[in-house]
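A.B. asks: Give me a model of this one.
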Amino acid sequence: MLEAFDATLLARLQFAFTVSFHFIFPSFTIGLASYLAVLEALWLWTGRSVYLDLFKYWLKIFALSFGMGVVSGIVMSYQFGTNWAVFSDRAGPIVGPLMAYEVLTAFFLEAGFLGVMLFGMNRVGRTLHFVATLAVAVGTFISAFWILSANSWMQTPTGYAMAANGQFLPADWLAIIFNPSFPYRLVHTVFAAYLTTALVVGAVGAWHLLRESSNDGARTMFSMAMGMITVVAPLQILAGDQHGLNTLEHQPVKVMAMEGHFKSYDNGAPLVLFAWPDMAQAKNLYAIEIPKGSSLILKHSLDAPLKGLDTVDRKDWPPVPIVFWAFRIMVGLGTLMLLLAVVSLWARVRHGLYDWPLLHRFAIAMGPAGFVAVIAGWVTTEVGRQPYTVHGLLRTADSVSPLQAPAVAVSLLAFIVVYFIVFGAGVLYILRLMSQSPRRGEQGPERGHPVRAAGITPAPQVSEGGN
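C.D. replies: Next up is the predicted model:
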């Protein structure tokens, strides 16, 4: 079957597979690092042991997730040299420094303070330990800043000059870093990370509430998670709307694929809810539409005209079905997140947040939704940019290394096997940690053997406070 795939497609599949695995972990740890900082701040402020117990409970999970994110990210960087050497040569003068800034600022900050955060609770003062936790949280945000700046430049390239050999050279670093799509993409992605973390924390809290409704740790984490979702879910919808308008301005072909608009509309475009986009016939099959709905959303006018893919050369079309359905998965899950926010707010007002099993089961079902949504959003963004690596300037077919398909296929299969074994075991271990009820006098990773500290085997109780 693999003979039907050329080297370019296999290289794209390999990068898509590895980056999808990698993206799962930062989308969780960015929000979880901030959550840990909030928990430690609340403990220092109120002195309530439940916040310290939850801090230690989630710190072990953060350590494992952070480590898997680092390892999976290192693997991706090698592919720029092995599979995408032409892209690295031509875009390297711009993308290379942006990635280096991420290492010099964010990764060094995280690595410098991570050890204190993980193992220093009983070795340094409370203030210094809290500073370390804040530093790690800030470091995860800075890391997202630089990586999203590099990715956004590939989507909306500005501030560059073209060399005679075809390289992109920096002409204005501020224009490169703060390119037109970057602010919208940064806000949208960070909100997505916070929602992903809140959904996981809420699901874990709901799971333990179903088993023991009086568990103080479960009640606290569930309340905090539902509060975060209630605040961030509506903000994410607003941020997504603004990001979509920005995309319409700078990458209209991507929006045409997202909306399934094969033809132009002069007097209001319909909102296609569901359909099967047929690229060969350039039309939607089995379409369910809301008349003029797309014009209302994108142009805020029922009768606003919208161009379709019939105005674009077919060789510049992205794979419409993938973009179309990935976008709908993301939006559909976002709608369910908003529903969870509304239901949990209603339960909170009626003082039934901890005593409503149906809400708890809903929260458990939504636990993985953030991961699925961020992957669907990434697919929408990246596949929608095709057939370019640097939008409008460097085509994907011209970016790949001169490799033979069998060589790429073998490495792809090796990645699949190794990733599912190594990261599958890591994820199962994290789920096992989450299955342990939060308890008073929670052990942190600074205490003894990591397996005992994780609560898998009994460990002696210790005092709740730090130094």
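
A.B. asks: low-confidence ranges in the stretch 251-400 of the chain?
C.D. replies: Within the stretch 251-400 of the chain, not a single segment meets pLDDT under 70.

A.B. asks: so where do the strands sit in it?
C.D. replies: With DSSP state E, counting those that start in this stretch as the criterion, the stretch 251-400 of the chain has strands at 271-278, 283-290, 388-390, 394-395.

A.B. asks: For stretch 254-268, C-alpha coordinates in CSV please.
C.D. replies: What follows is stretch 254-268 as a C-alpha-only set of coordinates in CSV (Å, rounded to 0.1, in the frame of the first residue of the first chain):
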residue,chain,number,x,y,z
LYS,A,254,-8.3,28.5,4.1
VAL,A,255,-11.6,30.0,5.1
MET,A,256,-13.2,28.9,1.9
ALA,A,257,-12.1,25.3,2.7
MET,A,258,-13.3,25.7,6.3
GLU,A,259,-16.7,26.9,5.2
GLY,A,260,-17.0,24.5,2.3
HIS,A,261,-17.5,27.3,-0.2
PHE,A,262,-16.7,25.9,-3.6
LYS,A,263,-18.5,28.7,-5.4
SER,A,264,-18.8,32.4,-4.8
TYR,A,265,-21.9,34.1,-3.4
ASP,A,266,-22.9,37.6,-4.5
ASN,A,267,-25.8,38.0,-2.2
GLY,A,268,-25.1,36.2,1.1
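
A.B. asks: Just name the most buried of the strands of the stretch 251-400 of the chain.
C.D. replies: strand 388-390 (a mean of 22; mean count of other C-beta atoms under 10 Å). Yep, even glycine has a C-beta here, placed from its N, CA and C like the rest.

A.B. asks: What pairs with that one, parallel or antiparallel?
C.D. replies: strand 394-395 (antiparallel) (DSSP bridges).

A.B. asks: Which helix or strand lies directly C-terminal to the partner strand?
C.D. replies: helix 405-435 (DSSP states H and E).

A.B. asks: Now that next one: buried residues?
C.D. replies: Residues of helix 405-435 classed as buried: 405, 408-409, 411-412, 415, 419, 423, 426-427, 429-430, 433-434 (neighbour count, 16 or more other C-beta atoms under 10 Å).

A.B. asks: Distance-wise, check the residue nearest to residue 356 when sequence neighbours are not counted relative to residue 359.
C.D. replies: Leaving aside its sequence neighbours, residue 356 sits nearest to residue 347 (C-beta to C-beta, 6 or more residues apart in numbering; 5.3 Å). As judged by C-beta to C-beta, to the nearest Å, residue 347 and residue 359 stand 5 Å apart.

A.B. asks: Quick check: neighbours shared by the two?
C.D. replies: Listed as contacting both residue 347 and residue 359 by C-beta atoms under 8 Å, 6 or more residues apart in numbering are residue 353.

A.B. asks: Look at the two and report which has more neighbours.
C.D. replies: Ranked by neighbour count (other C-beta atoms under 10 Å), residue 347 and residue 359 place residue 359 first, with 23 against 18.

A.B. asks: Do I have it right that the more buried one meets residue 344?
C.D. replies: Yes. Using C-beta atoms under 8 Å, residue 359 makes contact with residue 344 at a distance of 6.4 Å.

A.B. asks: intersection of neighbour lists for the two?
C.D. replies: residue 353.

A.B. asks: hmm, back to that, do you know how far the residue nearest to residue 356 is from residue 234?
C.D. replies: Taking C-beta to C-beta, one finds residue 347 at 17 Å from residue 234.

A.B. asks: cool, residue 137 as well?
C.D. replies: With C-beta to C-beta as the criterion, residue 137 and residue 234 are 23 Å apart.

A.B. asks: Which pLDDT does the model give residue 24?
C.D. replies: Residue 24 carries a pLDDT value of 86.

A.B. asks: for the one 5 residues further on, same thing?
C.D. replies: The predicted local distance difference test score for residue 29 is 91.

A.B. asks: In the helix or strand where it lies, which residues are buried?
C.D. replies: Using DSSP H and E, residue 29 sits in helix 7-46. Under the neighbour-count criterion of 16+ other C-beta under 10 Å, helix 7-46 has 7-8, 10-15, 18-40, 42-43 buried.

A.B. asks: ditto for stretch 209-217
C.D. replies: Result for stretch 209-217 [16+ other C-beta under 10 Å]: buried residues 209, 215-217.

A.B. asks: Distance from that stretch to the middle of the chain?
C.D. replies: 29 Å (C-alpha atoms, centre = their mean, to the nearest Å).

A.B. asks: hmm, back to that, contacting residues around the residue nearest to residue 356?
C.D. replies: So residue 347 contacts 353, 356, 359 (C-beta under 8 Å, 6+ apart).

A.B. asks: Go through these and say which is closest to residue 167.
C.D. replies: residue 359 (55.6 Å; C-beta to C-beta).

A.B. asks: any idea how far that closest one lies from residue 51?
C.D. replies: 23 Å.

A.B. asks: about what we covered before: columns distance to residue 369 on top of the contacts of residue 347, output as a markdown table?
C.D. replies: Output for those, formatted as a markdown table (distance: C-beta to C-beta, whole Å):
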| residue | distance to residue 369 |
| --- | --- |
| 353 | 19 |
| 356 | 19 |
| 359 | 15 |
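
A.B. asks: Show me what the helix holding residue 29 is packed against.
C.D. replies: helix 49-82, helix 126-155, helix 182-211, helix 369-385, helix 405-435 (3 or more C-beta pairs under 8 Å, 6 or more residues apart in numbering; DSSP states H and E).
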